[in-house]
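# fold the following and give me the result.
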Amino acid sequence: MTRFYIFVIRAMLGLMFAIFLVRFFYGEVSPFYVGGLAIFLVGFAYILEYWRKKKELEAKKGERFD
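Predicted coordinates for the structure are as follows:
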């Protein structure tokens with residue numbers, strides 16, 4: 001699976017979860033809130049992926065700092 005497909009999947013899931021969360025907590029779907037939350041969710045997914053890969057790389061090298 002290419003990076004583009006992973007981005008598309010994450011963007012679609014981020015949008016769906018953002019719509020669900022905004023609808024659940026605010027009762028109405030506002031494009032401003034949905035867009036902001038979707039960008040946050042997708043960005044946070046990439047940050048967590050970077051962090052996970054960094055920890056795995058450090059563990060392989062044996063230079064893990066806790």
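
# check which helices and strands the longest helix belonging to the chain sits against.
Longest helix in the chain by number of residues (criterion: DSSP state H): helix 31-61. When contacts are defined as 3 or more C-beta pairs under 8 Å, 6 or more residues apart in numbering; DSSP states H and E, helix 31-61 sits against helix 3-26. Backbone N, C-alpha and C define where each C-beta goes, glycine included.

# check what pLDDT residue 29 gets.
Per-residue pLDDT puts residue 29 at 84.

# ok, and the closest non-adjacent residue to the residue most central in space within the chain?
Centroid-nearest residue in the chain, with C-alpha atoms, centre = their mean: residue 45, separated by 2.5 Å. Excluding its sequence neighbours, the residue lying closest to residue 45 (C-beta to C-beta, 6 or more residues apart in numbering) is residue 10, at 5.4 Å.

# please list all residues in contact with the one you found.
42, 45-46 (C-beta atoms under 8 Å, 6 or more residues apart in numbering).

# name the nearest residue to residue 30, ignoring sequence neighbours.
Looking at residue 30 with C-beta to C-beta, 6+ apart, the closest residue is residue 22, at 6.6 Å.
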